[in-house]
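Chemist: Predicted structure and sequence below. I'll ask about it afterward.
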Amino acid sequence: MKIKWLDEVDLTVVYSFDEKNEVADEGFEIVEKGEVNDVCILEDKGDTVDMQFGNGWVAFGVRKDYFTVVDD
């Protein structure tokens with residue numbers, strides 16, 4: 001699905017995960033207001049979701065009021 005960000009948001013993202021050593025490569029990304037991203041919702045937790053971006057990055061606990069769905 002495609003989402004549009006309603007404001008500038010700082011996200012903590014997991015770029016990759018080494019399953020053997022259980023180590024995550026994490027960092028911060030800023031999404032701009034109006035930016036559109038292709039994402040997959042991994043888990044809906046009520047007010048927040050865990051999402052995976054088209055490039056494979058994963059963000060946990062993203063508030064639903066930060067974005068709107070523009071295309072399923």
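Modeler: Sure thing, it's come through. None of the values given here were measured: they were computed from a predicted structure. Residues are numbered from 1 along each chain as shown.
Chemist: chain center to the host helix or strand of I41: distance?
Modeler: Using DSSP states H and E, I41 falls within strand 36-44. Here the centre of strand 36-44 is set off from its chain's centre by 6 Å, with CA atoms, centre = their mean, to the nearest Å.
Chemist: how about the CA coordinates for the helix or strand just after it, as CSV?
Modeler: Proceeding N to C from strand 36-44, the next assigned helix or strand is strand 48-53, under DSSP H and E. The C-alpha trace of strand 48-53 is given here as CSV (Å, rounded to 0.1, in the frame of the first residue of the first chain):
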residue,chain,number,x,y,z
THR,A,48,0.4,2.2,16.0
VAL,A,49,1.7,-0.2,13.3
ASP,A,50,4.9,-2.0,12.5
MET,A,51,5.7,-1.4,8.8
GLN,A,52,8.1,-2.6,6.2
PHE,A,53,9.2,-0.2,3.5
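Chemist: Run through who's touching the helix or strand following strand 48-53.
Modeler: Of the helices and strands lying after strand 48-53 in sequence (DSSP H and E), the nearest is strand 58-63. In this structure, residues lying in contact with strand 58-63 by CB atoms under 8 Å, 6 or more residues apart in numbering are 9, 11-14, 29, 42, 45, 47-53. C-beta here means a position set from N, CA and C on the backbone, and glycine is covered the same way.
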